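# need a 3D model of the sequence below.
(2 chains)
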Amino acid sequence: MAEIVVKNLSIDIPVFDVGGASIRRLFFRKAVGGQVVTEGAHIVINALKDVSFSARDGDRIGLIGSNGSGKTTLLRVLADIYPPSAGTVEVNGRVSPMFDNSLGMNEDATGWENVRMCGMLWGLTPAQIENSREDIAEFTELGDYLNMPVRIYSQGMQLRLAFAIVTVREPEILLLDESIGVGDANFFDKAYARLQGHISRSRILMVASHSDLMIRQLCNKALWLHSGTLMEFGEVDHVLDAYAKGAHAAA
Amino acid sequence: MLDGTARGGPVQTLNGSPARPQSSRGSSTFGRDFYEGTLAWPLWSSLAWNDIKQRYRRSVLGPFWITLSMGVLVIVLGYIYSRIFHTDIETYLPFLSLGFILWGFISTTITESCEAFRHGARIIKQIKVPYSIHILRVLWRNFIVLLHTIVIFIPVSLVFALKPNLAILLALPGLVLLCVNLAWLELVLAILSTRFRDVPLIVGTMVQVTLFATPIMWPIETLGDHRFIADVNPVYHLIDLVRAPLLGATPEALSWIVAASMAVVGWLVALALFNRVSRAIVFWL
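Below you'll find the model as predicted:
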């Protein structure tokens, strides 16, 4: 069983390179992003403030909110990349983060070399990588291009390859950051189908996206973050409506 | 000051109850990190290989450029400096070539360790992998380079008819001790450089000075009464533990003692440092 329990989670991110009050004032003027405070010698961004929610098997949660509202930060916490500054996070189940499709890609290496390298980064064993070759070749439709350096691939071809590698894993908890959206229509359909397959195999999905359409299609719940604070969490249409009204009120 | 997480201390629950130990999220003790990191050897060894292949891709000689350039360097320097120091090229060139080969390994490992975490930032910020894989990647990459340069010693010893004796076996424990020391130093430098961006610059300067301050290009005998200059230099001991056996001599006891105690103390420091800041490293990148 997969489960996520987050209680009173806060994340403070220190910023070292900015010194001086002028930059701080600059930050305060901005409407987007987490709250910026000084703590001790350096500036700290409260990227998440007192966030609590839980998710269990079958939950497909869309993360919504403006730029810098903390969506990616939350995903990173769940992926065990950011340790909580306060509060507790419990995650049961194998987490598959998909934040950057081109992670580990080497431009000068061939498609197959990249499959090997990225696969290992994503935690696949050499045997698993070997077994997934056919699947990858079929999905990407890249044929002989897989023996050529990735540098000569078009963007769409690179995306196909990256997407195929990342989605080889069967995740229990799948975390997606808004990374899909390039490629031709045919690819998008295919990727979407693969993603659907992937998602139905995963027990919990969390996806950050600015696309209402995508969230309505993929998710049954939604979580709205604003400046690091959880505004609404619940049934997808309800939260999306509240978000639309909220954004409208703010505008 | 090192605690980069603003509230990086113990985790507090809101009702003020004392924090229960926070599973292991975001933090790891070095023991666990290193254990998991070592198990992931297919990952870091191929990352390291990939780094090397990347550098020499599409060049005709490939990684053998490493061998060639080191070969040219020691032949030219060996000839000129043996004239400057009025020594036999027969003894000087083998000494110089080994010193330079080992120095290359040590200095590049140290310099590159400053970038170990920053180089791996994209990985660190997206997938939970042990921090030690970045350390091992740098070490392994440079070890591969060392394997490419150390082969120069074979023609050198043939040309100058060096007669190896049993002492040569001591080179192996010497090399192990050298790597053990480099590994803790790497970890410390990687952490400090990630937090304080002046550290790589300081290290760069120190590395440059060390080359000239260490008996690499000049034999230790030239120091005469000032031998202490070499004796207080840990790099001299680390190099000599490998160099002396290959030249058919037994390293001094002092070298073993210095290298072994450095390994113990260094690892304790590195461990304490890592355990203290492992939660914060990702925020520094």
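# confidence score at A:R201?
For A:R201, the model assigns a pLDDT of 70.
# which parts of chain A are helices?
Taking DSSP state H as the test, the helices found in chain A are A:21-29, A:71-78, A:111-121, A:126-131, A:133-140, A:155-166, A:185-201, A:212-218, A:236-250.
# which stretch among the ones you listed comes nearest A:A47?
Closest approach to A:A47 among these (C-beta to C-beta): helix A:71-78, 4.3 Å. Where C-beta positions appear, they are placed from N, C-alpha and C, glycine not excepted.
# other SSEs contacting the closest one?
Packed against helix A:71-78 by the contact rule (3 or more C-beta pairs under 8 Å, 6 or more residues apart in numbering or on different chains; DSSP states H and E) you find strand A:3-15, strand A:42-56, strand A:60-64, strand A:86-92, strand A:95-98, strand A:173-177, strand A:204-208.
# adding distance to chain B, mean pLDDT and mean neighbour count, write these out as a markdown table.
Rendered in a markdown table, the data for those read as follows (distance: least, C-beta to the nearest C-beta, whole Å; pLDDT from 0 to 100; neighbours: other C-beta atoms under 10 Å in any protein chain shown):
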| stretch | distance to chain B | mean pLDDT | mean neighbour count |
| --- | --- | --- | --- |
| strand A:3-15 | 4 | 91 | 20 |
| strand A:42-56 | 4 | 89 | 20 |
| strand A:60-64 | 16 | 91 | 25 |
| strand A:86-92 | 6 | 93 | 20 |
| strand A:95-98 | 6 | 81 | 24 |
| strand A:173-177 | 9 | 84 | 24 |
| strand A:204-208 | 14 | 88 | 26 |
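# with distance to B:S45 added, can I get those strands in JSON lines?
Below are the helices and strands packed on helix A:71-78 laid out as JSON lines (distance: least, C-beta to C-beta, whole Å):
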{"stretch": "strand A:3-15", "distance to B:S45": "33"}
{"stretch": "strand A:42-56", "distance to B:S45": "35"}
{"stretch": "strand A:60-64", "distance to B:S45": "37"}
{"stretch": "strand A:86-92", "distance to B:S45": "30"}
{"stretch": "strand A:95-98", "distance to B:S45": "24"}
{"stretch": "strand A:173-177", "distance to B:S45": "28"}
{"stretch": "strand A:204-208", "distance to B:S45": "33"}
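# what about B:E90, distance to B:F160?
Remark: distance between B:E90 and B:F160 (C-beta to C-beta, to the nearest Å) = 5 Å.
# so between those two, which is more surrounded?
The neighbour count for B:E90 versus B:F160, taken as other C-beta atoms under 10 Å in any protein chain shown, is higher for B:F160 (15 against 12).
# can you say which of the helices and strands packed on helix A:71-78 is nearest to B:V265?
strand A:3-15 (30.1 Å).
# tell me the angle of the closest one relative to strand A:173-177?
Calculated by axes from the mean of the first three to the mean of the last three C-alpha atoms, to 10 degrees, strand A:3-15 forms an angle of 40 degrees with strand A:173-177.
# following the chain past the helix or strand that B:I52 is a member of, name the next helix or strand.
Following DSSP states H and E, one finds B:I52 within helix B:41-56. Next in sequence after helix B:41-56, counting helices and strands by DSSP H and E, comes helix B:64-84.
# which stretches in chain B count as helices?
For chain B, applying DSSP H gives helices covering B:30-39, B:41-56, B:64-84, B:89-113, B:116-119, B:121-124, B:132-150, B:153-159, B:171-195, B:199-213, B:228-231, B:234-246, B:253-277, B:281-284.
# and the ones you listed as JSON lines, adding mean pLDDT and distance to A:L9?
Putting the helices of chain B into JSON lines (pLDDT from 0 to 100; distance: least, C-beta to C-beta, whole Å) gives the following:
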{"stretch": "helix B:30-39", "mean pLDDT": "87", "distance to A:L9": "23"}
{"stretch": "helix B:41-56", "mean pLDDT": "89", "distance to A:L9": "30"}
{"stretch": "helix B:64-84", "mean pLDDT": "93", "distance to A:L9": "49"}
{"stretch": "helix B:89-113", "mean pLDDT": "95", "distance to A:L9": "34"}
{"stretch": "helix B:116-119", "mean pLDDT": "92", "distance to A:L9": "25"}
{"stretch": "helix B:121-124", "mean pLDDT": "88", "distance to A:L9": "20"}
{"stretch": "helix B:132-150", "mean pLDDT": "96", "distance to A:L9": "27"}
{"stretch": "helix B:153-159", "mean pLDDT": "93", "distance to A:L9": "57"}
{"stretch": "helix B:171-195", "mean pLDDT": "96", "distance to A:L9": "24"}
{"stretch": "helix B:199-213", "mean pLDDT": "95", "distance to A:L9": "32"}
{"stretch": "helix B:228-231", "mean pLDDT": "92", "distance to A:L9": "55"}
{"stretch": "helix B:234-246", "mean pLDDT": "96", "distance to A:L9": "45"}
{"stretch": "helix B:253-277", "mean pLDDT": "95", "distance to A:L9": "21"}
{"stretch": "helix B:281-284", "mean pLDDT": "90", "distance to A:L9": "15"}
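# nearest to A:I43, of the ones you listed?
Among those, the nearest to A:I43 by C-beta to C-beta is helix B:281-284 (12.2 Å).
# list of residues touching the closest one?
Residues outside helix B:281-284 that contact it (C-beta atoms under 8 Å, 6 or more residues apart in numbering or on different chains): A:13-14, A:16, A:81-83, B:4-5, B:26, B:117, B:124-125, B:131, B:191, B:194-195.
# so which of those is the closest to A:A164?
Here the nearest of the contacts of helix B:281-284 to A:A164, counting by C-beta to C-beta, is B:K125; it sits at 22.5 Å.
# closest to the centroid, which residue in chain A?
Closest to where the C-alpha atoms of chain A average out (C-alpha atoms, centre = their mean) is A:D177, at 2.3 Å.
# that one against A:L74, yeah?
No: A:D177 is not in contact with A:L74 according to C-beta atoms under 8 Å; the separation is 10.3 Å.
# ok so, going back, check contacts around the residue nearest to the residue nearest to the centre of chain A when sequence neighbours are not counted.
Nearest non-adjacent residue to A:D177, counting by C-beta to C-beta, 6 or more residues apart in numbering or on different chains: A:F99, 4.3 Å away. For A:F99, the contacting residues are A:72, A:75-76, A:79, A:175, A:177, A:179, B:125-126, taking C-beta under 8 Å, 6+ apart as the criterion.
# measure how buried residue 161 is and give me the count.
Answering for chain A, as no chain was given. Residues lying near A:L161 (other C-beta under 10 Å) number 26.
# right idea, wrong chain: chain B
Per other C-beta under 10 Å, the neighbour tally for B:A161 reads 7.
# quick one, what contacts it?
By C-beta under 8 Å, 6+ apart, the contact set of B:A161 is empty.
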